[in-house]
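Participant: structure here, sequence nowhere to be found:
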């Protein structure tokens, strides 16, 4: 079977022929239809990810059908999506020490076949194509845990999502809109703000604008009950001041680096919560799929490439104009 | 009736004779037995508190008996403690915009009589003296919300409480010990650490020691599930690194000023929560009193002074050796 393998961070990944494997009890073999790229895949190719273990078949997100399942032959043929959280463990508050993300160190989804634990597969949402389903897992789960499990966003609350365009931010937007919240965004691009509005956002501002804080207050004068941020950096100091009484700020990234020095007095009177989040459990994955099916949410796909065009897919993943997921068609 | 009144932050407070008042419907008149000093009272005398409105009868904490209650004469004669959270409102997550703390702008407990809303009085815990009961309200409520409502401390978890000696930190210690947690403290004084151990702490380190972080890891190698901090400042950057996976750090003060610049990457993988807290609702006050009665917790009193010796009480409130509450005997 063919697989896109990274053998060294000094080289680009390449497609190689690998031996086909049979699943042990507790595992299933999936024949993949489509796989989604994440920024994580790019960071791994650059050697800028913790604990890089090579060679590895890349990819965290995948959709396909069950080809073999020693425990339960009834599921053979079923179309499934794969939850990329491996060995999360029993505690919903945090992952176990055995936790890892599919696609390093274990072989991932950029391949014709994959073997995963049976508890990591879930039925494909019926209203989605295989490409749309392959766009869901990592970014959708990260956004679900951030917006729903951690921030506990409620109907009619005001939410600000920074850096719209990235897939996690877009899923956060879609979940927030479906929850009935008033959704605002920041972006580096007017076009992305317009696309966010088409998805249901009330409005947005350019974070590259010196006066962005003033402008976001102008379009949302009642302040924010929830803020979702993956940038960190100097802007974080402004974000915490935009929180309402009892506000929750969830952060799951820090592409802009360190938070500035913050005076706690700004925060404690307002009873705010600064909540770290990363990935999510298979239980949260199942909740998310149910919500997506109920609300007929369709993941936003930026572009689709055949497996053989993986260099174009990798390039597009880091392109500044990307809005949504880059997907590989495999079979 | 006699009351300790602050007329100007340029002068010290003084005892004056004030007119006795009758409660309107919805209010009760309490004849006070004892009142507790808080650091807040000191900051008000120094003009270092937000929105100072003078003249005012000082004091947030009090215990006495009901002398008049137009709505319910049955409670007359009952010994009560007063919840100092005024107009908290209906939302447990945060106080309303009408919220204030008893003892500025409304007249407080350093007086022979006080009139408060009927919803702010609660029966005195039977196992406590009036002085012990007067030591409870503000610091106990702040600690309760921090440790129980916000951090949701559980049995067998490891908790670190910074700056033991202050009354809120001591209540946090007592609530944590009664919950069955493993309790560790920091302090500027070996004597205070020893006193904390007598109250049930497992151990502690001097935060003045350059190697305090290493030393706290040595006595609690499994790290901390909960940290309670009212200092902020540079030390906060070390505290966040001491948190375990899923750890909760609650902060309700910032005597050491700004937090340092923090890299969010240290936090989000660990799924930690940084939770601001201040005061608490009358509902939390009632829960706290129930817990104190059930667990026979006795507030730690540093010293007791007659009302006329208020200058000594004020001086003691800010003394570096103080461990626990300074209480005024009124009647």
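Facilitator: Yes, it's here. Fair warning: this is a prediction, and the values are worked out from it, not measured in the lab.

Participant: show the subsequent helix or strand relative to the helix-or-strand element of chain A with minimal mean pLDDT.
Facilitator: Lowest mean confidence among the helices and strands of chain A (mean pLDDT, DSSP states H and E): helix A:265-268, at a mean of 90. Beyond helix A:265-268 in the direction of the C-terminus, DSSP states H and E gives the next helix or strand as strand A:273-276.

Participant: after that following strand comes which helix or strand?
Facilitator: Next along from strand A:273-276, by DSSP H and E: helix A:282-294.

Participant: and the strands in the stretch 151-300 of chain A?
Facilitator: A:158-161, A:182-187, A:203-206, A:224-229, A:243-251, A:273-276 (DSSP state E, counting those that start in this stretch).

Participant: could the ones you listed go into JSON lines alongside mean neighbour count and mean pLDDT?
Facilitator: Glycine gets a C-beta too; all of them are placed from N, C-alpha and C. Formatted as JSON lines, the strands of the stretch 151-300 of chain A follow (neighbours: other CB atoms under 10 Å in any protein chain shown; pLDDT from 0 to 100):
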{"stretch": "strand A:158-161", "mean neighbour count": "27", "mean pLDDT": "98"}
{"stretch": "strand A:182-187", "mean neighbour count": "26", "mean pLDDT": "98"}
{"stretch": "strand A:203-206", "mean neighbour count": "21", "mean pLDDT": "98"}
{"stretch": "strand A:224-229", "mean neighbour count": "27", "mean pLDDT": "98"}
{"stretch": "strand A:243-251", "mean neighbour count": "23", "mean pLDDT": "98"}
{"stretch": "strand A:273-276", "mean neighbour count": "26", "mean pLDDT": "98"}
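
Participant: picking that back up, and the least confident helix or strand of chain A, how far out from the chain's middle?
Facilitator: Helix A:265-268 sits 31 Å away from the centroid of its parent chain (CA atoms, centre = their mean, to the nearest Å).

Participant: buried sites along it?
Facilitator: A:266-268 (16 or more other CB atoms under 10 Å in any protein chain shown).

Participant: just the residues you listed that are near chain B?
Facilitator: Among these, the residues within reach of chain B (CB under 8 Å from any CB of the partner chain) are A:267-268.

Participant: residue A:1: which of the buried residues of helix A:265-268 is nearest?
Facilitator: Nearest to residue A:1 out of the buried residues of helix A:265-268 is residue A:267 (CB to CB; 52.6 Å).

Participant: which residues touch the closest one?
Facilitator: Residues in contact with residue A:267 (CB atoms under 8 Å, 6 or more residues apart in numbering or on different chains) are A:240, A:274, B:251, B:276.

Participant: residue A:157 now?
Facilitator: Contact partners of residue A:157, counting by CB under 8 Å, 6+ apart, are A:181-182, A:225-226.

Participant: pull the most distant pair out of these.
Facilitator: Of all pairs in the contacts of residue A:157, the most separated under CB to CB is A:182 and A:226 at 10.3 Å.

Participant: quick check: neighbours shared by those two?
Facilitator: A:157-159.

Participant: nearest residue to the middle of chain A?
Facilitator: The residue lying closest to the centre of chain A (CA atoms, centre = their mean) is residue A:139, at 1.0 Å.

Participant: so that one sits against residue A:325, correct?
Facilitator: Yes - checked against CB atoms under 8 Å, the pair residue A:139 and residue A:325 is within contact range at 7.1 Å.

Participant: who touches both of the two?
Facilitator: In contact with both residue A:139 and residue A:325: A:36, A:167, using CB under 8 Å, 6+ apart.
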